[in-house]
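Undergrad: turn this into a structure:
(chains A and B)
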2 protein chains.
Amino acid sequence: MTEKPLILVSNDDGYRAKGINSLVSVLREFGDVVAVAPHTGRSGKGCAITSETPIKVELVASEPGFEMYSCTGTPCDCIKVACHAIVPRRPSLVVGGINHGDNSAVNAHYSGTMGVVLEGCMKGIPSIAFSLCSHDSDADFTPTFDVIRKVVAAVLKRGLPAGSCLNVNFPDSASYAGVRICRQAAGSWVNEWEAHEHPSGGKWWWLTGDFVVEEQGDDADRVALDNNYVTITPTKIDFTDYALLEDMKGWGL
Amino acid sequence: MTEKPLILVSNDDGYRAKGINSLVSVLREFGDVVAVAPHTGRSGKGCAITSETPIKVELVASEPGFEMYSCTGTPCDCIKVACHAIVPRRPSLVVGGINHGDNSAVNAHYSGTMGVVLEGCMKGIPSIAFSLCSHDSDADFTPTFDVIRKVVAAVLKRGLPAGSCLNVNFPDSASYAGVRICRQAAGSWVNEWEAHEHPSGGKWWWLTGDFVVEEQGDDADRVALDNNYVTITPTKIDFTDYALLEDMKGWGL
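TA: Below is the predicted model:
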C-alpha cells in the first residue's frame, strides 16, 4: 500500500483566513494535509523568526486526513515547529497561501507566504507559494483552483531542484490569459510613509506606498500579472551574485 | 566644493549595541553618517516590515557630521523611514551592522542586518552588511576595522551593480587568514526547538538549534569563515532560478 503524500501548509494571514482554508480544500484531493498557521495576520514578515520569546502551538481542527494548528510564531516558525514536532512523517510538499495579496517582484523578500516556502525549501522539501492579487478578506479563490491542481500535481510528480521553490501569483480575475513562467520583476516602493500625530503628541509613521514597476518585459512577473497571466516565478535560496563574485576577485581586497 | 558622502547606517541589535557604534566610528572617516536603528534588538527579522502598527522615530544623538535615531520598527523599516523622512540628501552608501553574530550561508535570509542591506539595495543605493561571528555584547570589533575601511573605500569608488549588495562576515579572531570572495554556503538547521512547560500549564517552544554546513567547498562563506577568512558574499535581490525557469517552460502548465 502506498502511503498518501503528506502536505504541510501555512500562510501569513492567519489560520482563519479564507485563503488558507480554500487552499486546504484543494490540497486534500492530493493527500493528507497538516496546516500550521499564525494565530493572527503576520503579513510582511518575510523570513523573520522568533528568537526572543517562546511560541505556542494549538490544535484548532482535526478530522480524518486533516489537522489545523494555530501558532503564535511567524510563518517561518510555523514550518520549523511543524517539521520538528507536529508532522507524523516527512512532508512531500510545503505549500504557502493562498495569500490575500500580490507577492510578485521584489515583494517576495517581504512576503511571509514566501517565508513559508523558503523555509520548506531550506528543509529540502519541494515548496510552492500561491498568492492572489486581492487584499479582500472575502476574495473569491475558486478561479485559482484549476491551476493550483496542475502545479501541485506537476511538482508531486517531478519534484523541484534542491534549493529552488515556486512563487505563483494569480491576477484578481475570473479567468486568465494563461500561465507564464516568469522572472522576478524589477521595481521599487515610493511614497512609503504617512505621518500622523499621536493623540498624546509626537509623530507616528504608517507604512503605505505605491509600487512602481521599473521594466516592461512580458516575462517579468509583475508585468505578466498586469496582462492577466498567472505567473510562476522559480526562486532560489542561494542568492549569491556569481558574476559580481568573479569580478570582485580582481578588486584586490 | 565636493559634498561629503552621506552614509546611512542601521542594524538589528538596536542603536545602543556596541557593533553599530563601532561601525559608526569607522564610517565617520569617510563622510557624514546618519544612523537609524531599532530601539531594541530585532535579530532574525529578515526583511520583515511593519504594516499593522505605526512606528516612531526619535533623535538620540547629534553632533557635527553624525546623527543617531532610534526607531520602533524593523531593520527594513529603519531604512525605509530614513530615506523617506530623515536623510538630508541621497545616501552614497547603506551599511548594516556590525552584527553581533554570523550571517553567512542561508542565514542571510533570516538576518535583520541583511534586511537593512537588501532594503538599501532595493532603493538603488550601494549597500554592505558587516557581521562578526560572536554573539558577545561586548565583543572586540577593532580587528574588523581595517577590512571595513578597505571594503567601504572600494565600494565608494567603484559602486556596485544595480540589484547587488555585499554580505561581509568576520571570524571571531584577532587576526585573519585573508579576505575571500565567496558564495552562500549550503546548510540547514537541526534540533531547532526546546519544549518548556508554561507556569500555568501547556507547552511552549523556544527557538534554538544547530547549524549543519552541508558542503566543504573553500569558496563557501561558512566554510571559509571556519578557516579564519573574512568572507564577502555578493548577493542579489533577484533570486529567480533562471535554469528552472527555462526547464519549466516544457512542463505544459
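Undergrad: quick check: phi and psi on the spatially most central residue of chain A?
TA: For chain A, the residue sitting closest to the mean C-alpha position, by CA atoms, centre = their mean, is A:Thr113 at 2.4 Å. Main-chain torsions, A:Thr113, degrees, to the nearest 10: phi -60, psi -40.
Undergrad: measure it to B:Cys121 for me?
TA: 22 Å (CB to CB, to the nearest Å). The way it works is simple: take the backbone N, C-alpha and C, and place the C-beta from them, glycine included.
Undergrad: can you check A:Asn169 too?
TA: 22 Å.
Undergrad: give me the more crowded residue out of these two.
TA: Neighbour count, other CB atoms under 10 Å in any protein chain shown: between A:Asn169 and B:Cys121, A:Asn169 has more, with 30 against 27.
Undergrad: so the more buried one belongs to a strand, correct?
TA: Yes. Under DSSP: H, G, I helix; E, B strand; the rest coil, A:Asn169 sits within a strand.
Undergrad: looks like it contacts A:Cys133 (just checking).
TA: Yes. If you go by CB atoms under 8 Å, A:Asn169 and A:Cys133 touch, sitting 6.5 Å apart.
Undergrad: give me the common contacts of those two.
TA: Common contacts of A:Asn169 and A:Cys133 (CB atoms under 8 Å, 6 or more residues apart in numbering or on different chains): A:Asp102, A:Leu225.
Undergrad: quick one: contacts for the residue nearest to the centre of chain A?
TA: Contacts of A:Thr113 (CB under 8 Å, 6+ apart): A:Asn11, A:Asp12, A:Pro75, A:Gly96, A:Gly97, A:Asn99, A:Asn103, A:Ala129, A:Phe130, A:Ser131.
Undergrad: next one: it relative to B:Gly202, how far apart?
TA: In terms of CB to CB, A:Thr113 sits 28 Å off from B:Gly202.
Undergrad: next: A:Ser22.
TA: 30 Å.
Undergrad: now stretch A:66-74: mean pLDDT?
TA: For stretch A:66-74, mean pLDDT rounds to 98.
Undergrad: what's the answer for stretch A:149-169, then?
TA: Here the average pLDDT along stretch A:149-169 is 98.
Undergrad: so which bits of that stretch are buried?
TA: Neighbour-count burial for stretch A:149-169, counted by 16 or more other CB atoms under 10 Å in any protein chain shown, picks out A:Val151, A:Val152, A:Ala154, A:Val155, A:Leu160, A:Gly163, A:Ser164, A:Cys165, A:Leu166, A:Asn167, A:Val168, A:Asn169.
Undergrad: what is the most widely separated pair among those?
TA: A:Gly163 and A:Asn169 (21.0 Å; CB to CB).
Undergrad: which stretches in the stretch 1-150 of chain A count as helices?
TA: Per DSSP state H, counting those that start in this stretch, the stretch 1-150 of chain A carries helices over the ranges A:18-27, A:75-81, A:112-122, A:145-158.
Undergrad: so for B:Asp210, which of the ones you listed sits nearest?
TA: Using CB to CB, the nearest of the helices of the stretch 1-150 of chain A to B:Asp210 is helix A:75-81, at 13.2 Å.
Undergrad: residues near A:Val223, how many?
TA: Other residues close to A:Val223 by other CB under 10 Å number 22.
Undergrad: off-centre distance for the helix or strand harbouring it?
TA: Using DSSP states H and E, A:Val223 maps to helix A:221-226. Mean-position distance between helix A:221-226 and its chain equals 17 Å (CA atoms, centre = their mean, to the nearest Å).
Undergrad: what's the answer for stretch A:185-198, then?
TA: That offset, for stretch A:185-198, works out to 22 Å (CA atoms, centre = their mean).
Undergrad: one more: stretch A:141-160?
TA: For stretch A:141-160, the distance to the chain centre is 15 Å (CA atoms, centre = their mean).
Undergrad: can you list contacts of that stretch?
TA: With contacts defined as CB under 8 Å, 6+ apart, stretch A:141-160 is touched by A:5, A:18-19, A:22-23, A:26-27, A:29-30, A:92-93, A:95, A:98, A:121, A:126-128, A:130, A:132, A:166, A:168, A:170, A:173-176, A:179, A:230, A:232, B:244, B:251, B:253.
Undergrad: any of the residues you listed buried? List them.
TA: Counted by 16+ other CB under 10 Å, the contacts of stretch A:141-160 give A:5, A:18-19, A:22-23, A:26-27, A:30, A:92-93, A:95, A:98, A:121, A:126-128, A:130, A:132, A:166, A:168, A:170, A:173, A:176, A:179, A:230, A:232, B:244, B:253 as buried.
Undergrad: show the pLDDT at A:Val60.
TA: Confidence score, pLDDT, at A:Val60: 97.
Undergrad: A:Ser43 contacts A:Asp102, correct?
TA: No. Using CB under 8 Å, A:Ser43 makes no contact with A:Asp102, being 11.6 Å away.
Undergrad: below-threshold pLDDT in chain A: ranges please.
TA: A:1-2 (pLDDT under 70).
Undergrad: mind redoing it with 80?
TA: By pLDDT under 80, the low-scoring segments of chain A are A:1-3.
Undergrad: one step back: and the helix or strand just after the helix holding A:Val223, is it in reach of chain B?
TA: Once helix A:221-226 ends, the next helix or strand along the chain (criterion: DSSP H and E) is strand A:229-236. Yes. Strand A:229-236 reaches chain B (CB under 8 Å from any CB of the partner chain) through A:Ile232, A:Thr233, A:Pro234, A:Thr235, A:Lys236.
Undergrad: top of those residues by neighbour count?
TA: In these, the most neighbours by other CB under 10 Å go to A:Thr233, 31 neighbours.
Undergrad: so what sits opposite the closest residue to it other than its chain neighbours in the bridge?
TA: Leaving aside its chain neighbours, A:Thr233 sits nearest to A:Asn167 (4.3 Å; criterion: CB to CB, 6 or more residues apart in numbering or on different chains). In this entry, A:Asn167 is beta-bridged to A:Ala129, A:Thr233, by DSSP bridges.
Undergrad: residue contacts, A:Asn167?
TA: By CB under 8 Å, 6+ apart, A:Asn167 lies in contact with A:103-104, A:108, A:114, A:117, A:129, A:131, A:184, A:221, A:232-235.
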